[in-house]
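Engineer: Return atomic coordinates for the entry below.
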Amino acid sequence: MEERRKHPRFKVRVDARLALGAERFPGRLRDICRDAALLEVDRTVEVGSEVAVELDLPGAGGSLQAVGRVVREAEGQDGSRVIAILFSDLTPTAGTRIDFFLVLHAQES
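Structural biologist: As a prediction, this is how the structure comes out:
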């Protein structure tokens with residue numbers, strides 16, 4: 001199967017905070033690349049929904065925020081849901097922080 005992703009993805013386990021409109025809920029980042037993230041959440045989120053994500057990536061200089069659209073939603077483990085988010089509004093600073101985190105993570109692997 002041909003890889004369709006533009007950027008390599010790295011598996012991580014980082015707590016996340018998500019916002020869907022006025023609703024706030026926790027999540028857990030499972031993997032990330034420069035333009036997308038896979039998160040585990042405790043609720044269903046409709047494909048096409050716009051969500052804001054806040055992450056504290058270790059070594060990336062503090063909290064970063066990104067906005068994206070849910071492009072996939074599926075059943076996860078233990079009754080959780082897994083959502084794939086394609087970032088649609090990533091500031092240059094947030095992008096640089098993700099890049100830095102990915103370089104650090106690749107060196108540790």
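Engineer: longest strand in this structure, by residue count?
Structural biologist: Secondary structure assigned by DSSP state E gives strand 63-75 as the longest strand of the chain.
Engineer: what comes up buried for it?
Structural biologist: Buried residues in strand 63-75, counted by 16 or more other Cβ atoms under 10 Å: Leu64, Ala66, Val67, Gly68, Arg69, Val70, Glu73. C-betas here are computed from N, CA, C, even on glycine.
Engineer: Three-state assignment for Phe101, please.
Structural biologist: Under DSSP: H, G, I helix; E, B strand; the rest coil, Phe101 falls in the helix class.
Engineer: just so I have it, where are all the helices in this structure?
Structural biologist: 92-108 (DSSP state H).
Engineer: which regions of it lie under the pLDDT threshold?
Structural biologist: Applying pLDDT under 70 to the chain flags residues 1-8, 107-109.
Engineer: bridging residues for the residue sitting nearest the centre point of it?
Structural biologist: Nearest to the mean C-alpha position of the chain, by Cα atoms, centre = their mean, lies Ala37 at 2.9 Å. Beta-bridge partners recorded for Ala37 (DSSP bridges): Ile32, Ile85.
Engineer: if we can go back for a sec, counting by contacts, list what the longest strand of the chain packs against.
Structural biologist: Strand 63-75 is packed against strand 36-41, strand 50-56, strand 81-89, helix 92-108, with contacts defined by 3 or more Cβ pairs under 8 Å, 6 or more residues apart in numbering; DSSP states H and E.
Engineer: and among those, the most buried is which?
Structural biologist: strand 36-41 (a mean of 21; mean count of other Cβ atoms under 10 Å).
Engineer: centre of the chain versus that strand, how much separation?
Structural biologist: How far strand 36-41 lies from its chain's middle: 4 Å, per Cα atoms, centre = their mean, to the nearest Å.
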